[in-house]
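In: sequence? don't have it. structure:
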């Protein structure tokens with residue numbers, strides 16, 4: 001046994017062996033335990049890969065990492081400076097034991113393997129089940145098919161893990177300073193206009209919590225390594241689907257708008273999907289490569305006057321519904337509160353972003369800007385206001401930040417939801433294409449902006 005492994009016991013034992021003194025109760029025993037760090041090997045001397053490799057709690061993740069030399073090279077590169085979101089063994093599902101007779105026993109055979117080089121049939125596309133499939137390989141005798149299966153698994157694991165890596169070292173204090181970050185994952189099909197996919201960071205005070213992409217909790221922060229920092233997360237990150245697919249996954253929030261999008265055939269403006277080739281030929285991704293959508297919730301539609309809602313979802317209101325939805329789409333561009341990219345060159349709003357259009361928001365923001373965004377509805381644009389603040393409440397721990405995000409004078413939130421092909425921002429009111437809205441007083445059950453809809457909306461919908 002190495003001597004440094006005995007130091008915690010010596011420290012704690014020494015503490016309890018001391019005579020009872022008045023000041024002893026004020027001295028935390030945990031502080032004594034930390035003294036073993038002076039004797040233990042420092043994690044800063046090891047790379048991210050070495051830290052994970054030496055820790056049995058990440059053994060299942062390391063088993064998947066070991067299938068990709070490119071991932072190992074990056075995590076073990078002493079010259080790198082990265083952030084890695086690592087999933088412990090407890091965050092990865094386990095193989096379910098079978099029950100019953102011999103015929104029901106869990107079996108693997110060559111039929112479960114990819115029969116051809118490059119074939120990725122039946123391979124999972126989430127890290128948890130990918131790890132299970134890697135572990136299944138241990139039950140298979142060596143063969144050429146098994147080697148091909150390893151190669152196919154390695155390729156997908158490399159892509160999934162790229163979404164767990166940020167190309168800069170960010171401890172938890174630095175991580176909360178922005179709302180989104182570019183990952184190491186860039187898709188070759190043109191999604192995001194060949195820009196890296198992003199992830200979002202949420203930090204709350206009560207309860208104190210750090211989350212990634214709204215759903216994934218950081219359960220251990222700031223494990224130092226010589227070439228970066230590791231944040232342990234409770235479940236794997238999943239590279240996000242398209243803007244439309246994300247809404248489709250949450251019907252309780254977006255059932256109205258997804259139904260409306262399909263009803264007026266606007267899916268192609270927000271979705272991106274795989275289309276197989278003809279006669280078994282090579283397929284490709286089609287649909288919107290890059291887009292931003294301000295998504296009205298189902299509540300936004302329910303607050304419309306009842307007669308208007310019936311009109312929009314009737315055959316007579318289809319044209320008005322389509323134009324209203326187009327007004328919520330910013331095509332060929334992605335806008336996050338802290339990042340913008342335009343796929344078409346030389347547009348005005350990107351120049352405005354770079355110039356930092358001055359605004360006069362309340363308080364003392366870290367940064368603030370206005371943007372005018374062209375929409376899918378011709379000759380109509382949205383006005384966006386963003387201001388980022390540092391909280392002034394004196395609380396222990398790292399600094400807190402928050403963003404005020406408005407579109408056409410309406411609050412936006414949740415915002416900065418990453419997608420495969422852009423960004424999704426949630427709004428609780430349908431945006432008025434006339435570009436103005438009435439002030440709310442309390443919680444009206446009906447959106448006052450649309451009280452006079454019969455006077456202008458049908459005629460406006462028929463205009464070219």
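Out: Cool, got the structure. This is a predicted model, so every value here is computed, not measured. Numbering: from 1, shown residues only.

In: for the stretch 301-450 of the chain, what spans make up the helices?
Out: For the stretch 301-450 of the chain, the helices defined by DSSP state H, counting those that start in this stretch cover 306-312, 318-326, 348-355.

In: where among the ones you listed is the average confidence lowest?
Out: Taking each of the helices of the stretch 301-450 of the chain in turn, the one with the lowest mean pLDDT is helix 348-355, at a mean of 46.

In: how many neighbours does residue 314 have?
Out: 11 (other C-beta atoms under 10 Å). In this view, the C-beta of every residue, glycine as well, is placed from N, C-alpha and C.

In: Tell me the spacing between it and residue 320.
Out: With distances taken as C-beta to C-beta, to the nearest Å, residue 314 is found 10 Å from residue 320.

In: same question, residue 421
Out: Spatial separation of residue 421 from residue 320 under the definition C-beta to C-beta is 26 Å.

In: Please apply the same query to residue 410.
Out: 20 Å.

In: which outside residues touch stretch 241-250?
Out: Among residues not part of stretch 241-250, those counted as contacts by C-beta atoms under 8 Å, 6 or more residues apart in numbering are 240, 253-254, 257-258, 261, 267, 270-273, 287-288, 291, 293, 295, 417, 419-424.

In: scratch that, stretch 261-269 is what I was asking about
Out: 244, 270, 286-288, 291, 313, 318, 321-322, 325-326, 329, 331, 376.

In: could you point out the longest helix in this structure?
Out: In the chain, with assignment by DSSP state H, the single longest helix is helix 144-162.

In: Now residue 366: closest residue in space, sequence neighbours ignored.
Out: Counting by C-beta to C-beta, 6 or more residues apart in numbering, the nearest residue to residue 366 once its immediate chain neighbours are dropped is residue 388, at 4.7 Å.

In: Run a quick neighbour tally on the one you found.
Out: Residues lying near residue 388 (other C-beta under 10 Å) number 20.

In: again with residue 394
Out: As a burial measure, the neighbour count of residue 394 was computed by other C-beta under 10 Å and equals 5.

In: Next: the one 10 residues further on.
Out: Taking other C-beta under 10 Å as the neighbour definition, residue 404 ends up with a count of 18.

In: wouldn't it be in contact with residue 369 here?
Out: No. At 11.7 Å, residue 404 does not count as touching residue 369 under the criterion of C-beta atoms under 8 Å.

In: Can you work out which residues contact both of the two?
Out: Taking C-beta under 8 Å, 6+ apart as the criterion, residue 404 and residue 369 both touch 385, 386.

In: How about the contacts made by residue 201?
Out: With the criterion set at C-beta under 8 Å, 6+ apart, residue 201 makes contact with 175, 176, 178, 179, 180, 181, 210, 211, 212.

In: Can you list the low-confidence ranges for the chain?
Out: Residues of the chain meeting the criterion pLDDT under 70: 1-43, 97-122, 345-363, 395-397, 436-447.

In: on that earlier part again, just the buried residues from the contacts of stretch 261-269, in PyMOL please.
Out: Only the buried members of those enter the following PyMOL selection, criterion being 16 or more other C-beta atoms under 10 Å:
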select buried, resi 244+270+287+288+291+313+318+321+322+325+326+329+331+376
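
In: for the contacts of stretch 261-269, which one is nearest residue 141?
Out: Sorting these by distance to residue 141 puts residue 286 at the head of the list, at 41.0 Å, by C-beta to C-beta.

In: Now that closest one. Nearest residue, chain neighbours left out?
Out: Distances taken as C-beta to C-beta, 6+ apart put residue 275 closest to residue 286, at 4.9 Å, once the chain neighbours are dropped.

In: List the beta-bridge partners for that neighbour.
Out: Beta-bridge pairing of residue 275 under DSSP bridges involves residue 284.

In: likewise residue 231?
Out: Following DSSP bridges, residue 231 is listed with bridge partners residue 85.

In: That one contacts residue 172, doesn't it?
Out: Yes. Counting by C-beta under 8 Å, residue 231 sits close enough to residue 172 to count as a contact (6.9 Å).

In: So between these two, which is more surrounded?
Out: When residue 231 and residue 172 are compared on other C-beta under 10 Å, the one with more neighbours turns out to be residue 231, at 22 against 18.

In: can you tell me how far that one sits from residue 180?
Out: Where residue 180 is concerned, residue 231 sits at a distance of 16 Å (C-beta to C-beta).
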